[in-house]
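> my questions are about this predicted structure, shown below with the sequence.
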Amino acid sequence: RQCHTARRARAASLPEVLWPPPVAVPGTPPLTEAAWARLAPLLTKPPRRGKRRWEPRSLLDGILWVQRTGASWREVPAHFAPWHTVYDRYARWRRDGIWARILATLLTLEEPG
């Protein structure tokens with residue numbers, strides 16, 4: 001009991017760590033139907049493990065939401081998918097080189113003319 005009391009006292013006296021504010025990536029567009037039609041062939045199918053499979057479009061919307069707002073992954077709204085699912089898919093796409101192709105496609109959609 002004395003150890004728990006001492007540990008709690010030490011934890012209470014620690015200074016609060018201030019994290020830097022999240023940084024938004026300007027120009028990250030929301031996903032339109034035209035953009036989705038061009039991006040859908042680039043995406044991998046969801047893995048066959050786990051109980052619920054999320055649609056790639058909702059996962060991509062969640063990733064773009066994080067990039068657009070600069071929020072942390074844990075703040076991803078639940079209507080996209082659980083935050084860890086969104087982050088896992090982002091990490092997998094980035095590792096496999098798919099994310100670079102997604103960004104290149106999005107940039108070509110944004111060019112005027």
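Here it is on my side, so go on. Residues are numbered from 1 along each chain as shown.

> just to check, residue 87 is in contact with residue 73?
Yes - with contact defined as Cβ atoms under 8 Å, residue 87 reaches residue 73; the gap is 4.5 Å. Using the backbone N, CA and C atoms, a C-beta is placed for each residue, glycine as well.

> ok, these two, which is more surrounded?
residue 87 (19 against 15; other Cβ atoms under 10 Å).

> and that one, what element?
helix 83-96 (DSSP states H and E).

> before we move on, what about residue 68?
Applying DSSP H and E as the criterion places residue 68 in helix 56-69.

> got the angle between that helix and helix 83-96?
Angle of helix 56-69 versus helix 83-96, following axes from the mean of the first three to the mean of the last three Cα atoms, to 10 degrees, is 90 degrees.

> just the mean pLDDT for helix 56-69, thanks.
What helix 56-69 shows for mean pLDDT is 87.

> for that helix, packing partners?
helix 83-96 (3 or more Cβ pairs under 8 Å, 6 or more residues apart in numbering; DSSP states H and E).

> how about the helix or strand following the helix it packs on: buried residues?
Remark: after helix 83-96, the chain's next helix or strand is helix 98-110, criterion DSSP H and E. By neighbour count with 16 or more other Cβ atoms under 10 Å, helix 98-110 contains the buried residues 98-99, 102, 106.

> isn't residue 36 right next to residue 55, touching?
No - shown here, residue 36 and residue 55 do not form a contact pair, counting by Cβ under 8 Å, at 10.7 Å.

> before we move on, back to that, quick one: residues in contact with the helix holding residue 87.
Under the contact criterion Cβ atoms under 8 Å, 6 or more residues apart in numbering, helix 83-96 has outside partners 43-44, 54, 56, 59, 62-63, 66, 73-76, 80, 98-100, 102.

> now do 7 Å
54, 59, 62-63, 73-74, 76, 80, 99, 102 (Cβ atoms under 7 Å, 6 or more residues apart in numbering).

> circling back: between the helix holding residue 68 and helix 98-110, how big is the angle?
Helix 56-69 and helix 98-110 are oriented at 70 degrees to each other (the same axes, to 10 degrees).
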